[in-house]
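1. Mind looking at a prediction? Sequence and model below.
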Amino acid sequence: MSEDSIRPHHPVPRVLSELCAEFGLEAANEADIEGLEVTGVTSSAQRAHAGDVFVAIPGVRRHGAEFTDQAIEAGAVAVATDAAGLAIIERNGLDIPVIVIDDPRYALGHIAGWVYRTDPEAPRLFGATGTNGKTTVTYLIAELVEHLGVSCGMSTTVERLVGQETIASQLTTPESDQLHSLLARMREVGDRVAAIEVSAHTSLGHRLAGMYLDVISFLNFSHDHLDDFRDEEHYFQAKLAMFRPEAARCGVVNIDDDWGRRVVEETRIPVMTVASNPDAGADWWVESWGTDAGVGFSMHGPEDREVHSTIAMPGAFSAMNAACAVLTVMQGGWEPEQIQEALDTAGGFAARVPGRLELVSTDERGPRVYVDYGHTPEAFRSALTALRPLATGELIFVFGADGDRDTLKRPAMGQIAASIADRVIVCDYNPRTEDPASIRATLLEAARSVGKARVEEIADPETALRTAIAQAKPGDVVINAGPGHEDAQHRAEGKVAYSALKTARLALDEAGW
Ligand SMILES: CC(=O)N[C@H]1[C@@H](OP(=O)(O)OP(=O)(O)OC[C@H]2O[C@@H](n3ccc(=O)[nH]c3=O)[C@H](O)[C@@H]2O)O[C@H](CO)[C@@H](O)[C@@H]1O[C@H](C)C(=O)N[C@@H](C)C(=O)N[C@H](CCC(=O)O)C(=O)O
Ligand SMILES: Nc1ncnc2c1ncn2[C@@H]1O[C@H](COP(=O)(O)OP(=O)(O)OP(=O)(O)O)[C@@H](O)[C@H]1O
């Protein structure tokens, strides 16, 4: 099943004229909408199903109304669009009822919420936002809620989970029509909570319109996405927008950085704060220590309340991720004692998050090899700092940078890599339409400017990873940052199949580990 087809299996039809009455809308053309029933909503003509309202959005590249014929062919019964969209439909002589709305992208979520009967109580939404760690924390929230005996659906960059079914994701946070449809299907299968990863792009595209977050967690904030947002402040405001009373009931905020403290100052929803420093004045503070499998952590809260457990992922940041998940669930209504018992019974967080500092090597006599999804300067710093102590030999870092995405972060990525690792190998990572050699050149120049690590260039990511693993010795740690769970590279010539996880396994096999 593809993500495009996640729909409720038993939709209860709604009457289009009631939708118009609900939102104060009128059909713009002659066609009679009386008695017309709708069962779904789509913003993409390619995803249209029979019985859908096609919400035609004026996009950055195209106007959705240009694709109305495809939506009609698939069985769409009406279109909701702006005046420009109506003009396109009329110009093309198409015969379908059209409802004219001012801002189709904003209206999309509200219409979808009405058609799919989105109910903030079923499932309740627990969201995670931040520059790094959203996917991980979303998995941890879902894991903990399930340990508490409650069925939890999930939406992340990696996959959507509905009941027992998983579907690979396209976007981190889906378009609002897809999200409402996903929630409707979760309700059908009995998921009472949905853990969802909320990107800053969500605010740009009103992807949570018509939904209400029960709890939203702010994990951290650092340099990323300055191509899509005018500057850091706009990127921050997109995240802060989730902390409005109209968007969320309550929140959790990590105040380890100044941005977290700003969220606390500027939000009008009740928030529970957390920090890694006991003197930060947070409601909860977290101490952590390394274990064989990851980290152990103790959370100290008000009135001497405590939660202690482990997470099978390395690094102090993993303890903070676990703490944010615990506090999200606590804000959702569970007591620390219930959470403690659930974690004790489960033996801590297993944290099975594909491609997030995933340990691929299994032979303890050989080098340790990790595949990671880090692609920001701070993610590099966290991963390298977490694994540095495990390297009794060399710390070898294989990485590249996204093409057609925030070019400004590249120098910091190169510098951080070369200031913590012993050897860095710069390769391609999703160059998209950019010249890969010029992306590598920026990273190499930044890495060499540090004058510490050995810096090499191997353009092909597969060759780079295989070389690093073939040359690694016992005691060395190899990290491949970037590809994480992905199964393809995005290049100018199109998508090229590539899995770093598979390559790492193969190379370890070949090296006899
Ligand atoms: C910036 C942004 O949010 N862009 C999104 C936006 O694009 P757009 O407005 O340009 O849409 P368009 O391509 O002009 O099309 C206009 C309308 O026509 C429809 N259409 C278009 C073509 C067609 O053949 N048929 C059709 O029906 C489209 O569905 C759309 O409704 O609407 C499109 C469809 O609804 C999205 O796919 C697209 O996301 C693009 C692909 C994207 O890559 N976004 C990334 C940056 C993103 O959102 N990333 C974040 C997370 C990042 C992170 O944290 O790492 C995410 O949440 O995934
Ligand atoms: N709390 C954290 N602080 C800093 N770095 C982190 C944190 N959690 C995870 N990371 C790093 O970021 C990488 C990506 O993690 P994850 O996929 O959970 O983040 P994300 O916010 O979902 O990323 P994306 O926005 O790209 O989907 C990890 O593999 C790890 O290297």
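-> In hand now; what should we look at? In this text the structure is predicted, and so the values were computed from the model without any measurement. Numbering: from 1, shown residues only. Ligands and ions are numbered 1, 2, ... in the order given.
2. Give the burial count for the residue lying closest to Arg454 once chain neighbours are set aside, as a bare number.
-> Leaving aside its sequence neighbours, Arg454 sits nearest to Arg423 (Cβ to Cβ, 6 or more residues apart in numbering; 4.5 Å). No exception for glycine: its C-beta is placed from N, CA and C like everyone else's. Neighbourhood size, Arg423 [other Cβ atoms under 10 Å]: 20.
3. likewise Asp283?
-> Around Asp283 there are 17 other residues, counting by other Cβ under 10 Å.
4. Please apply the same query to the one 4 residues further on.
-> For Glu287, the tally of surrounding residues (other Cβ under 10 Å) stands at 15.
5. was I right about it contacting Ser298?
-> Yes. Under the criterion of Cβ atoms under 8 Å, Glu287 makes contact with Ser298 at 5.2 Å.
6. what pairs with the residue nearest to Arg454 across the strands?
-> When assigned by DSSP bridges, Arg423 has beta-bridge partners Ile396, Arg454.
7. interface residues of the stretch 151-300 of the chain facing ligand 2?
-> Listed as neighbours of ligand 2 in the stretch 151-300 of the chain under the rule Cβ under 6 Å from any ligand atom: Thr157, Thr172, Glu197, Leu219, Asn220.
8. Out of these, list just those in strands.
-> Judged by DSSP state E, strands contain the following of these: Glu197.
9. Go back to the residues of the stretch 151-300 of the chain next to ligand 2 and keep what's next to ligand 1.
-> Of those, the ones that also sit near ligand 1 (Cβ under 6 Å from any ligand atom) are Thr172.
10. tell me the pLDDT at the residue nearest to Arg454?
-> pLDDT, Arg423: 98.
11. And for Glu30?
-> At Glu30, the pLDDT value in this model is 62.
12. coming back round to it: out of the residues of the stretch 151-300 of the chain next to ligand 2, who's nearest Ala504?
-> Closest approach to Ala504 among these (Cβ to Cβ): Thr157, at 19.9 Å.
13. got the contact list for that closest one?
-> By Cβ atoms under 8 Å, 6 or more residues apart in numbering, the contact set of Thr157 is Lys134, Thr135, Ser169, Leu171, Thr172, Glu197, Tyr373.
14. Can you name the two of these that sit furthest apart?
-> Once Cβ to Cβ is applied, the contacts of Thr157 give Leu171 and Tyr373 as the farthest pair, at 15.2 Å.
15. Give me the more crowded residue out of those two.
-> Neighbours per residue, other Cβ under 10 Å: of Leu171 and Tyr373, the larger number sits with Tyr373, 24 against 17.
16. Run a quick check on the more buried one versus Asn480, I expect a contact.
-> No. When contacts are counted by Cβ under 8 Å, Tyr373 is not listed as touching Asn480 (10.1 Å).
17. Give the burial count for Pro270, as a bare number.
-> Neighbour count for Pro270, taken as other Cβ under 10 Å: 11.
18. so the nearest residue to it once chain neighbours are set aside is in which element?
-> Spatial nearest neighbour of Pro270, excluding adjacent residues (Cβ to Cβ, 6+ apart): Cys250 at 4.8 Å. Per DSSP states H and E, Cys250 falls inside strand 248-254.
19. Past that strand, which element shows up next along the chain?
-> Downstream of strand 248-254, the first helix or strand assigned by DSSP H and E is helix 258-266.
20. Keeping just the C-alphas, turn the following helix or strand past that following helix into CSV.
-> Per DSSP H and E, the first helix or strand lying C-terminal to helix 258-266 is strand 271-275. Presented in CSV, the C-alpha positions along strand 271-275 are these (Å, rounded to 0.1, in the frame of the first residue of the first chain):
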residue,chain,number,x,y,z
VAL,A,271,4.2,24.1,29.3
MET,A,272,6.3,21.7,31.3
THR,A,273,10.0,22.5,31.0
VAL,A,274,13.1,20.2,30.9
ALA,A,275,16.8,20.8,30.9
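21. Run through the neighbouring helices and strands of the helix or strand that contains Val145.
-> Using DSSP H and E, Val145 sits in helix 134-147. With contacts defined as 3 or more Cβ pairs under 8 Å, 6 or more residues apart in numbering; DSSP states H and E, the packing partners of helix 134-147 are strand 124-129, strand 152-155, strand 193-197, helix 316-331, helix 336-346.
22. For Thr310, which three-state class applies?
-> Here Thr310 is recorded as strand under DSSP: H, G, I helix; E, B strand; the rest coil.
23. Show me what it is bridged to.
-> The partner residues for Thr310, given DSSP bridges, come to Gly296.
24. is stretch 307-321 anywhere near ligand 2?
-> Yes. Shown here: stretch 307-321 in contact with ligand 2 (Cβ under 6 Å from any ligand atom) through Phe317, Met320, Asn321.
25. Any buried residues in that stretch, and which?
-> Neighbour counts over stretch 307-321 (16 or more other Cβ atoms under 10 Å) mark 307, 309-321 as buried.
26. Give me the below-cutoff pLDDT ranges for the chain.
-> Applying pLDDT under 70 to the chain flags the ranges 1, 4, 30-31.
27. one more time with 90
-> Applying pLDDT under 90 to the chain flags the ranges 1-6, 26-35, 163-164, 202-205, 222-231, 292-293, 406.
28. near ligand 1, which residues of the stretch 51-200 of the chain?
-> Checking the stretch 51-200 of the chain against ligand 1 by Cβ under 6 Å from any ligand atom, the hits are Ile57, Gly59, Val60, Arg61, Arg62, Gly64, Phe67, Leu171, Thr172, Thr173, Glu175, Ser199.
29. For those, could you give me CSV that also reports distance to Arg7 and secondary structure?
-> Shown next, in CSV, are these (distance: Cβ to Cβ, whole Å; DSSP: H, G, I helix; E, B strand; the rest coil):
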residue, distance to Arg7, secondary structure
Ile57, 20, coil
Gly59, 23, coil
Val60, 27, coil
Arg61, 26, coil
Arg62, 24, coil
Gly64, 19, helix
Phe67, 19, helix
Leu171, 17, coil
Thr172, 21, coil
Thr173, 18, coil
Glu175, 14, coil
Ser199, 23, coil
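30. farthest pair in the residues you listed?
-> Using Cβ to Cβ, the two most remote members of these are Phe67 and Ser199, lying 24.8 Å apart.
31. Among these two, which residue is more densely surrounded?
-> Legend: neighbour count by other Cβ under 10 Å for Phe67 and Ser199, higher for Ser199 (21 against 17).
32. how about the residues of the stretch 201-350 of the chain near ligand 1?
-> Residues of the stretch 201-350 of the chain lying near ligand 1 (Cβ under 6 Å from any ligand atom): His201, Leu204, Gly205, Asp228.
33. Just want the residue of the stretch 1-150 of the chain that's nearest ligand 2.
-> Here the stretch 1-150 of the chain gets closest to ligand 2 at one residue, Gly133, 2.8 Å apart by Cβ to the nearest ligand atom.
34. Buried residues in the helix holding Val145, which are they?
-> Buried residues in helix 134-147, defined by neighbour count with 16+ other Cβ under 10 Å: 134-147.
35. Show me which of the residues of the stretch 51-200 of the chain next to ligand 1 are buried.
-> Buried subset of those (neighbour count, 16+ other Cβ under 10 Å): Ile57, Gly64, Phe67, Leu171, Thr172, Thr173, Glu175, Ser199.
36. Just to check, Ser199 is in contact with Ser169?
-> No. Ser199 is beyond contact range of Ser169, at 11.3 Å (criterion: Cβ under 8 Å).
37. sorry, back to before: contacts only, for the residue nearest to Arg454.
-> Arg423 is in contact with Glu394, Leu395, Ile396, Phe397, Ala453, Arg454, Val455, Glu456, counting by Cβ under 8 Å, 6+ apart.
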